[in-house]
Structure formats: C-alpha cells, structure tokens
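Enquirer: Quick one, fold the following:
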Amino acid sequence: MLAMAVTAVLIGAVPAHAAPGRVLVFHPDPAGHPEVAAGATAMSEIGRAAGLRVDDTTKASDFTGANLRNYRAVVFVLWGIVTLLI
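Expert: Next up, the predicted model:
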C-alpha cells in the first residue's frame, strides 16, 4: 500500500514534458539492518519504475542547499520507517 502511495506521489511530482525528475533516497548504513536495505532497494525500484532518476546515499554531507535543489523529493528510509518529503 505504501509503495502504491509513494509511486502515485512521485509520478504526480514530475510533469510529463519535463526531464526525468531526481529523487534522493537517504538511509543509514544497512549493515545489520536488513529492513533498511530492503526499504532503500524498494524505494529505488519504485522511483525507477516511475521514470525517475534515483540517487542513494548514506552521507549526511549530501544535505546541502545546493545539492538538494537537484531533487524533486527526498525519501528517508530508517529502521522500519519510510518518510517522503516533496
């Protein structure tokens, strides 16, 4: 259900005539947290299926104003929680 909602939001966030949008998926190191790895993989697959470019990161240093301007949405995948910010 969450995957369908995220897909609908992401597809709606990109105008049909625009270049493919970009989504940043942020998560902690998945070592020892299989749910984080699964969530990050799922969000990447959903975004790509929607025709979006998906960048995956574990680095907090990617959260600068200059870098975030490149993204239409940011997805936070934490221990069992997925948060989408548009």
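Enquirer: low-scoring stretches of this protein, by residue?
Expert: Low-confidence segments of the chain (pLDDT under 70): 1-18, 80-86.
Enquirer: Swap in 80 and give it another go.
Expert: Within the chain, the segments meeting pLDDT under 80 span 1-19, 79-86.
Enquirer: now the strands for it?
Expert: 22-26, 53-57, 73-78, 81-85 (DSSP state E).
Enquirer: Which stretches in the chain count as helices?
Expert: Applying DSSP state H to the chain gives helices spanning 2-12, 34-49, 65-68.
Enquirer: between the longest one and strand 22-26, how big is the angle?
Expert: So the one you mean is helix 34-49. For helix 34-49 and strand 22-26, the angle between their directions (axes from the mean of the first three to the mean of the last three CA atoms, to 10 degrees) works out to 180 degrees.
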